[in-house]
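[1] return atomic coordinates for the entry below.
(one chain, ligands or ions: 1)
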Amino acid sequence: MTALNEILTSRHSIRRFTDRAPTREELEQLFDAAVLAPNHRLTNPWRFYVLGPEGRAAYGLALGNRKAKKATDEAQAEEMRKTTSDQHRAWPCMVLVAMTQNENLEIREEDYAATMMATQNLCLKAVELGLGTHIRSGAIMGDPAARAAGGVAENERIVAVLTIGTPAEVPEAKPRTPARELTHWIP
Ligand SMILES: Cc1cc2nc3c(=O)[nH]c(=O)nc-3n(C[C@H](O)[C@H](O)[C@H](O)COP(=O)(O)O)c2cc1C
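    Next up is the predicted model:
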C-alpha cells in the first residue's frame, strides 16, 4: 500500500487524460473510499452520478449554452456550444458529486463539509489506483440543464464536478504557503 504522504504529494488536478475510461470496479473503489469520510450524525449526504457519453455531452451543452451568451454572433455561439459539448463527451469519465439538503441548516452545512471530505477521499484513492482527478465547480452546478444532464434529484445540490481518468500528463505541483506560516500555537 502506498504511504499516505506519497499519495498526498502525488495528487494534482489532472487536465489531460488518456482515452482509457476507468472501469466500473475502479469507480466503485473510489466511491467506497469516499463514504469513509467523517460524517456527523451519519446522514450519508453524498450522492455520486456517473455520466456516460450522452450525459457528459448534455452537461457540456449546458455549460456551452452559458458560455455562448458571451458570443458576438450566432455562428460563434453554436461553435462554443458544440466545442464544449464535444469536449465533455470526450472525457474518459465524469462524476457529479451531489449532497442531500437537510432542512436543518446546521446539518446542511455539516453535510456539505462531509461531502467535500468524501470528495477528497475519492481523489486520494484515485491516486492509489494510478488514476487522476480534477474537481470543477461554478454556477453551472445550479443550472437546471446541467442538473438534468446528470439526472440529479430535486432536493440535492451538486457540490463538485469531477473528471477522472488515467493521467496523460501530470502537472508540476502548485506551491502552497507552508502550514507553519498559517498556524497559531495558543498557550
Ligand atoms: C472546491 C473546488 C472547486 C474547484 N473548482 C475548479 C474549477 O471550477 N475549475 C478549475 O479549473 N479548477 C477547479 N478546482 C481545482 C483547483 O483549481 C486546484 O485544486 C488548484 O489549482 C490546486 O491545484 P492542485 O489540485 O493540482 O493541487 C477546484 C478545486 C476545489 C477544491
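[2] what does the chain put close to the ligand?
    12-13, 135-138, 174 (Cβ under 6 Å from any ligand atom). Quick note: C-beta positions are derived from backbone N, CA and C, even for glycine.
[3] now do the strands in this protein.
    16-17, 46-51, 94-100, 132-136, 156-165, 167-169 (DSSP state E).
[4] want to throw these into CSV with mean neighbour count and mean pLDDT?
    Below are the strands of the chain laid out as CSV (neighbours: other Cβ atoms under 10 Å; pLDDT from 0 to 100):
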stretch, mean neighbour count, mean pLDDT
strand 16-17, 18, 98
strand 46-51, 20, 98
strand 94-100, 23, 98
strand 132-136, 20, 98
strand 156-165, 21, 98
strand 167-169, 15, 97
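[5] before we move on, back to that, which pair of the residues of the chain next to the ligand spans the longest distance?
    12 and 138 (19.9 Å; Cβ to Cβ).
[6] could you point out the longest helix in this structure?
    Across the chain, the longest stretch assigned as helix under DSSP state H is helix 105-128.
[7] so what secondary structure elements neighbour it?
    helix 4-10, helix 24-34, strand 46-51, strand 94-100, strand 132-136, strand 156-165 (3 or more Cβ pairs under 8 Å, 6 or more residues apart in numbering; DSSP states H and E).
[8] make JSON lines from the ones you listed and add distance to residue 67 to it.
    Shown next, in JSON lines, are the helices and strands packed on helix 105-128 (distance: least, Cβ to Cβ, whole Å):
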{"stretch": "helix 4-10", "distance to residue 67": "32"}
{"stretch": "helix 24-34", "distance to residue 67": "28"}
{"stretch": "strand 46-51", "distance to residue 67": "19"}
{"stretch": "strand 94-100", "distance to residue 67": "17"}
{"stretch": "strand 132-136", "distance to residue 67": "14"}
{"stretch": "strand 156-165", "distance to residue 67": "15"}
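[9] let me know the angle separating the longest helix of the chain from strand 46-51.
    50 degrees (axes from the mean of the first three to the mean of the last three Cα atoms, to 10 degrees).
[10] buried stuff in helix 105-128?
    By neighbour count with 16 or more other Cβ atoms under 10 Å, helix 105-128 contains the buried residues 107-108, 110-128.
[11] returning to what we had before: more neighbours, residue 12 and residue 138?
    residue 12 (18 against 11; other Cβ atoms under 10 Å).
[12] and the residue nearest to the more buried one when sequence neighbours are not counted, what does it touch?
    Distances taken as Cβ to Cβ, 6 or more residues apart in numbering place residue 171 nearest to residue 12, at 5.3 Å, with adjacent residues excluded. Residues near residue 171 by Cβ atoms under 8 Å, 6 or more residues apart in numbering: 12-15.
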